[in-house]
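Student: Below are the sequence and a predicted model for it; my questions follow.
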Amino acid sequence: MTSTAQAPTSGARTAPPEHLGHVIFIAAAAAMGGFLFGYDSSVINGAVEAIRDRYDIGSAALAQVIAIALIGCAIGAATAGRIADRIGRIRVMQIAAVLFTVSAIGSALPFSLWDFALWRVVGGFAIGMASVIGPAYIAEVAPPAYRGRLGSFQQAAIVIGIAISQLVNWGLLNAADGDQRGKLMGLEAWQVMLGVMVVPAVLYGLLSLAIPESPRFLISVGKRDRAKEILAEVEGGSTDLDARVTEIEQAMRSEHRSTFKDLLGGGFFFKPIVWIGIGLSVFQQFVGINVAFYYSSTLWQSVGVDPTDSFFYSFTTSIINIVGTVIAMIFVDRVGRKPLALIGSVGMAVGLALEAWAFSHHLVDGKLPATQGWIALIAAHVFVLFFALSWGVVVWVMLGEMFPNKIRAAALGVAAAAQWIANWAITASFPSLADWNLSGTYVIYTVFAALSIPFVLRFVKETKGKSLEEMG
């Protein structure tokens, strides 16, 4: 094979793969990490009150136990890429599957609060790895013509994982007669909720054995023949495999490995575009979305909702999250990123304001008055719907597009780190804030939703229809 100065035409961009069903299976198997990401992130919702009762801890300590997994998330996300470049994408998936399994078993069978927290960190590390390796692998394996649609599998898997975890929690709570500490299979119900994650974790590991390594990684370690076999498998026999390998090699040679130093400048430490990315990440979390997935059953019980009903409401909220995500996937390329973000901000602000108003009323016999109770429930679903159809998807799309090529990787890393830190801040602060003033807490989230509107209008530029090269 001889390389030429002109980029080779491989035919991969327009030719559909001969075995599209197999390609879909590969993407879906990789996205199983996203399912576990969503499942492990939100399954703790079913155990919060039981953990508080079993270990007799206050809101501040409880919050740290719930939020500590995010430390593992940040470490896993920061290290997964480099590990994958050394040992391969599939090996990283398998490591994540093992960590998910170990975390599920350890969390279900803790000796004390400290080792429970340790298993949460282990699970967080797996979440962080899965959040990075799934999208990266799918992007490298998917045929170019199908990359966008197959890439959306990861986000879809995350929201489905959240919903399934809530459905499982609700079913197990019913089996335990509505008592989170009721006995099931010789354990307390909350322990079984956390232990059930062993099933999808093992399935993830098995699926990773059935899918091929990324051609990009194989080329990077000199296994060009094996890379050609996989390219033929996923892009079809009509693809010029020699040209395709040369195309990948040229792209890898021309890549600029951005560093933290590239982000500096502009008078405020980082360049302005980096601050905008950080702002998008922070606003996405400071509206309090993860309260809905980590603490919703606790929230509803605090205003007098029956535990079993509270778990059911958590499940219905997760279904709304799926619906909103599908809406975003349909409209993000039609309506545009910026208009969708603004629509979401307005809808979230309205939903959060209504929740704040409903929670401001005094409880009657330990419950919200009927009118306020229904408004709080509907408003919570409205909030999640508008988040899912906008900021839940749009932020990740924009972070992948908005940065100039020279700094894209490093800037995305900083923005993602800001998101994990903001996530931790909201998760760790909610129980104490709710003890202080539940309505006031939702006023704070409402303010951030409202502030996101001028932020988007003033600083965020539309990226719809622009090539990555046009970003500077």
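Tutor: Here it is on my side, so go on.
Student: same question for whichever strand or helix holds Leu194, mean pLDDT?
Tutor: Secondary structure assignment for Leu194, by DSSP states H and E: helix 189-195. The pLDDT scores in helix 189-195 average 94.
Student: And stretch 321-332, by the same measure?
Tutor: pLDDT averaged over stretch 321-332 gives 89.
Student: Kindly format the C-alpha coordinates of it as CSV.
Tutor: The C-alpha coordinates for stretch 321-332 follow below in CSV (Å, rounded to 0.1, in the frame of the first residue of the first chain):
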residue,chain,number,x,y,z
ASN,A,321,-36.9,11.6,31.5
ILE,A,322,-36.8,9.0,28.7
VAL,A,323,-39.6,10.8,26.8
GLY,A,324,-37.8,14.2,27.1
THR,A,325,-34.5,12.7,25.9
VAL,A,326,-36.2,11.2,22.8
ILE,A,327,-37.7,14.6,22.0
ALA,A,328,-34.2,16.2,22.3
MET,A,329,-32.7,13.6,20.0
ILE,A,330,-35.4,14.4,17.4
PHE,A,331,-35.2,18.2,17.6
VAL,A,332,-31.6,19.0,18.5
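Student: Enumerate the positions of that stretch that are buried.
Tutor: Neighbour-count burial for stretch 321-332, counted by 16 or more other C-beta atoms under 10 Å, picks out 321-322, 324-329, 331-332. Any C-beta I mention is one placed from the backbone N, CA and C, and that applies to glycine too.
Student: Figure out how far that stretch is from the centre of its chain.
Tutor: Relative to its chain's centre, stretch 321-332 lies at 15 Å (C-alpha atoms, centre = their mean, to the nearest Å).
Student: Contacts for it next, please.
Tutor: Applying C-beta atoms under 8 Å, 6 or more residues apart in numbering, the contact partners of stretch 321-332 are 152, 155-156, 159-160, 162-163, 340, 384-390, 392-394, 397, 464.
Student: Of the residues you listed, which belong to helices?
Tutor: Here DSSP state H is the test, and the contacts of stretch 321-332 give 152, 155-156, 159-160, 162-163, 340, 384-388, 392-394, 397 as lying in helices.
Student: Which residue ranges of the stretch 101-250 of the chain form helices?
Tutor: Listed in chain order, the helices of the stretch 101-250 of the chain (DSSP state H, counting those that start in this stretch) span 113-141, 147-175, 189-195, 198-208, 215-220, 224-235, 241-254.
Student: Next, count neighbours for Val364.
Tutor: Neighbour count for Val364, taken as other C-beta atoms under 10 Å: 11.
Student: So what does it have for phi and psi?
Tutor: phi -110, psi 120 (degrees, to the nearest 10).
Student: mind listing what's buried in stretch 201-212?
Tutor: 201, 204-205, 207-208, 211-212.
Student: So of those, which two are at opposite extremes in space?
Tutor: Ala201 and Pro212 (21.5 Å; C-beta to C-beta).
Student: need the strands for this structure, in chain order.
Tutor: Using DSSP state E, the strands of the chain run over residues 183-184, 187-188, 264-268, 270.
Student: Skipping adjacent residues, who's closest to Val132 in space?
Tutor: Of all residues not flanking Val132 in the chain, Ala80 sits nearest, at 4.0 Å (C-beta to C-beta, 6 or more residues apart in numbering).
Student: which helices and strands does the helix holding Leu194 pack with?
Tutor: Counting contacts by 3 or more C-beta pairs under 8 Å, 6 or more residues apart in numbering; DSSP states H and E, helix 189-195 is packed against helix 48-55, helix 89-108, helix 147-175.
Student: Would you convert those helices into TSV that also reports mean neighbour count and mean pLDDT?
Tutor: Below are the helices and strands packed on helix 189-195 laid out as TSV (neighbours: other C-beta atoms under 10 Å; pLDDT from 0 to 100):
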stretch	mean neighbour count	mean pLDDT
helix 48-55	18	90
helix 89-108	23	95
helix 147-175	21	86
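Student: Show the low-confidence segments of this protein, by residue range.
Tutor: 1-18, 148, 237-239, 254-258, 266-267, 405, 409, 465-472 (pLDDT under 70).
Student: In it, where's the longest helix?
Tutor: Assignment by DSSP H gives helix 408-459 as the longest helix of the chain.
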